[in-house]
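Colleague: Got a predicted structure plus its sequence, pasted below:
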Amino acid sequence: MLKIKVCGICDPVNLKEVAEAAPDFMGFIFYKGSKRYAGEDTVKDLIALVPDGIIRTGVFVNDKPETILNYAGDLRLDAIQLHGSESPDCCEKIKAGNLIIIKAFGIGENFDFNRLIPYMDTCDYFLFDTKTQSYGGSGRKFNWTRLDEYKFYKKFILSGGIAYEDIEPLRSISHEAFFGVDINSRFESSPGIKNAEMIKSFITGIKS
C-alpha cells in the first residue's frame, strides 16, 4: 500500500486538520527560500503538534550535517529529506543519527538514474521531483514514463505536481520500488495552507 507524505505545512490549526486524514509522513520546510518556510519558532511549534504514528520529516536544502542533526535532536524529527545537492558523504553523516534519510532528485528529460548508485547505501528512500530552477513546490509533473528507466531496488517516493485527479494514474503505476507519494502545492488554498478534506479523500482513494 502506498505511503502518503504531506509537505509544507505552515499553520497549527491546518496541521491538526491534515493530521486527521492520517498521512504517513508530514514534512516541514527548513529552507528559508521557500514560500512554505514558516519561521524557525513556528516550525518548532508545528512539529511538536504532530501526533504519534506520523513520521515527522524535516526538509533541508544544502545545510551542514551538524546543523541538521542538531535540529533533528532538538525537535524529535524522525526523518530528514535532503532536497539540494547533498553528497553521499553528507547523507551518511546524517544517517548516523538514526534518522530516515530521503534524498530528492530533480528529474528532467536527460536525468541519468545511474547518478543514484553512490547514494544506495546511505539513503532509505529516493524522492523523484520535477527538475526546476528552485527546490520543489513547482506544481509541475515530470514525465512519469521515465520511471521505467529506474532499475534499482531502492524504494522511491513520487513528487511534483501531484493532484487529486491523479489517483487512478498513480494506482496504475506498477513499479516494484514505488513506495509513496508526496503531495504539496496542488492541495493548497494558499502556500502552506492545505485543503484537509481533499487530502483525506485523496488518501482514501489511494489506499482503498
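Modeller: Received the coordinates, thanks.
Colleague: List the residues that contact I68.
Modeller: By CB atoms under 8 Å, 6 or more residues apart in numbering, the contact list for I68 reads 58, 60, 80, 94. In short, each C-beta sits where N, CA and C put it, glycine included.
Colleague: Adding pLDDT and neighbour count, write those out as a markdown table.
Modeller: Listed next are the contacts of I68 as a markdown table, based on pLDDT from 0 to 100; neighbours: other CB atoms under 10 Å:
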| residue | pLDDT | neighbour count |
| --- | --- | --- |
| G58 | 98 | 22 |
| F60 | 97 | 22 |
| I80 | 99 | 28 |
| I94 | 98 | 24 |
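Colleague: Can you lay out these as a markdown table showing secondary structure and distance to T145?
Modeller: Putting these into a markdown table (DSSP: H, G, I helix; E, B strand; the rest coil; distance: CB to CB, whole Å) gives the following:
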| residue | secondary structure | distance to T145 |
| --- | --- | --- |
| G58 | strand | 32 |
| F60 | strand | 30 |
| I80 | strand | 30 |
| I94 | helix | 32 |
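Colleague: Quickly name whichever of the residues you listed is closest to I203.
Modeller: Comparing the contacts of I68 against I203 with CB to CB places G58 closest, at 21.8 Å.
Colleague: Next, find the distance separating the residue nearest to the closest one when sequence neighbours are not counted from C10.
Modeller: Distances taken as CB to CB, 6 or more residues apart in numbering place L77 nearest to G58, at 4.7 Å, with adjacent residues excluded. Distance, L77 to C10, using CB to CB, to the nearest Å: 17 Å.
Colleague: and what of G180?
Modeller: Separation of G180 from C10 (CB to CB): 22 Å.
Colleague: Next: L99.
Modeller: Noted for L99: a distance of 23 Å to C10, by CB to CB.
Colleague: higher neighbour count, the two?
Modeller: Using other CB atoms under 10 Å as the criterion, L99 and C10 rank with C10 on top: 23 against 19.
Colleague: Distance check, that one against F152.
Modeller: 34 Å.
Colleague: residue ranges with poor pLDDT in the chain?
Modeller: Low-confidence segments of the chain, defined by pLDDT under 70: 134-138.
Colleague: Do a quick rundown of the strands in it.
Modeller: Along the chain, the stretches classed as strands by DSSP state E are 3-7, 25-29, 55-60, 79-82, 100-107, 125-130, 156-158, 178-183, 188-190, 193-194.
Colleague: what would these look like in CSV with distance to K200?
Modeller: Putting the strands of the chain into CSV (distance: least, CB to CB, whole Å) gives the following:
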stretch, distance to K200
strand 3-7, 10
strand 25-29, 14
strand 55-60, 18
strand 79-82, 22
strand 100-107, 23
strand 125-130, 23
strand 156-158, 20
strand 178-183, 12
strand 188-190, 15
strand 193-194, 10
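Colleague: That'll do, ta.
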